[in-house]
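J.: Next input, structure requested:
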Amino acid sequence: MALEVLDLRKEFDGLVAVDQVSFRVEHGKVTALIGPNGSGKTTIFHLITGLVVPTRGDVVLDGRSLRGLAPFQVFRQGVARTFQNIRLFRDMSVMENVMLVHRYAGGGETLAAAIARRRLTKKEDETARAAALSSLKMVGLEAKKDALAGTLSHGQRKLLELARAVAADAQVLLLDEPTAGVFPDTREKIHQLVRQLASAGRMILFIEHDMRFVASVADQIIALNHGCKIAEGAPDVVLANEAVVAAFLGPQAHVQCRAPKPDSDAGDHGV
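T.: Numbering: from 1, shown residues only. Just a heads-up that it's a prediction; the model follows:
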């Protein structure tokens, strides 16, 4: 089974942000979504997680359509996400930030209610704390569990966001620029965590601009330009693709998306 993006198209007031994009993210695999700024990467994350509704197409997780679900419903179907601009509760402790995932995952509870309901039953509290501590140990933040999230360094905040995603016990992890602005030791830690999570059977889809990191951690790459998929495949193949190199380094001419011919042996290309 897999996360499937099927012929996604999204228009904003006549502007096509994503056009005819399809790909699969498999269990136990790490997939990178790359492209220059404005290529549609973040819009695809928004479409998968229900922040925006596709103009056309579908997102299917293990045979179940996610189209039309609200973000909290997508989360409860097993999709967790981090953001390029880190979104933590700065005045809550590191532990509370992770425990919040368990409160929010409770049946029918809204995020606002989860934040307001700081008191738990003893059994809930023990379960949530144990799971949160396990996630913090995984990312190396157990010693910071009682610190306010706002006091963490940038790299530590990135790790805390990842800990929250892990604590959600989601099948799919969407990571938006997980290594942006971090030091090399934190980048290596994130590399190890991503591979560890994939080895445990999670589906990992991440956006990243550091091509060395992408090449070292990804099993496959989806490359976008002007909202279109221009290449798909193994890192060494995609990163050597002329269209991909031109998108990152050369003049960026207007791209017209079209579906590949059924008998084409270049089925991994969407332009």
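J.: Please count neighbours and contacts with C-alpha atoms only from this point.
T.: Fine.
J.: which residues does Leu148 form a beta bridge with?
T.: Ser93 (DSSP bridges).
J.: wait, it sits on Leu88?
T.: No. The pair Leu148 / Leu88 is not scored as a contact, 10.3 Å apart, by C-alpha atoms under 8 Å.
J.: quick one, strands of the stretch 51-200 of the chain?
T.: For the stretch 51-200 of the chain, strands defined by DSSP state E, counting those that start in this stretch occupy the ranges 56-61, 64-65, 79-81, 172-176.
J.: can you redo those strands as TSV with mean pLDDT?
T.: As requested, those are exported to TSV (pLDDT from 0 to 100):
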stretch	mean pLDDT
strand 56-61	97
strand 64-65	96
strand 79-81	93
strand 172-176	96
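J.: could you dump those strands to JSON lines with mean neighbour count and distance to Ala132?
T.: Converted to JSON lines, those look like this (neighbours: other C-alpha atoms under 10 Å; distance: least, C-alpha to C-alpha, whole Å):
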{"stretch": "strand 56-61", "mean neighbour count": "20", "distance to Ala132": "26"}
{"stretch": "strand 64-65", "mean neighbour count": "12", "distance to Ala132": "28"}
{"stretch": "strand 79-81", "mean neighbour count": "23", "distance to Ala132": "15"}
{"stretch": "strand 172-176", "mean neighbour count": "24", "distance to Ala132": "17"}
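J.: Dump those strands to TSV, plus distance to Leu152.
T.: Below are the strands of the stretch 51-200 of the chain laid out as TSV (distance: least, C-alpha to C-alpha, whole Å):
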stretch	distance to Leu152
strand 56-61	34
strand 64-65	38
strand 79-81	20
strand 172-176	19
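J.: what stretches of the chain score poorly on pLDDT?
T.: Flagging of the chain using pLDDT under 70 yields the residue ranges 85, 103-124, 250-271.
J.: Please tell me how far the spatially most central residue of it sits from Ile204.
T.: Residue closest to the mean C-alpha point of the chain, counted by C-alpha atoms, centre = their mean, is Leu174 at 1.3 Å. Per C-alpha to C-alpha, to the nearest Å, Leu174 is found 6 Å from Ile204.
J.: Would you mark the buried spots in the longest helix anywhere in the chain?
T.: If you go by DSSP state H, the chain has its longest helix at helix 122-139. For helix 122-139, the neighbour count (16 or more other C-alpha atoms under 10 Å) marks Asp125, Ala128, Arg129, Ala131, Ala132, Leu133, Ser134, Ser135, Leu136, Met138, Val139 as buried.
J.: Could you dump the residues you listed into CSV with distance to Val237 added?
T.: Below are the buried residues of helix 122-139 laid out as CSV (distance: C-alpha to C-alpha, whole Å):
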residue, distance to Val237
Asp125, 48
Ala128, 43
Arg129, 44
Ala131, 39
Ala132, 39
Leu133, 40
Ser134, 37
Ser135, 35
Leu136, 36
Met138, 32
Val139, 31
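J.: hey, where'd the helices end up in this protein?
T.: Using DSSP H, helices in the chain cover 41-49, 71-76, 94-104, 111-116, 122-139, 154-167, 184-199, 211-217, 235-238, 242-249.
J.: Quick check: which of those is nearest to Gly14?
T.: helix 41-49 (15.1 Å; C-alpha to C-alpha).
J.: Next, the angle strand 56-61 makes with the closest one.
T.: 70 degrees (axes from the mean of the first three to the mean of the last three C-alpha atoms, to 10 degrees).
J.: by contact count, what packs against helix 41-49?
T.: Contacting helix 41-49 under the criterion 3 or more C-alpha pairs under 8 Å, 6 or more residues apart in numbering; DSSP states H and E are the following elements: strand 15-26, helix 71-76.
J.: List the buried residues in the first one.
T.: It refers to strand 15-26. For strand 15-26, the neighbour count (16+ other C-alpha under 10 Å) marks Ala17, Val18, Asp19, Gln20, Val21, Ser22, Phe23, Arg24, Val25, Glu26 as buried.
J.: Domain-wise, how is this protein divided?
T.: The record's domain parsing of the chain by automatic domain parsing lists 1-78+171-271, 88-169.
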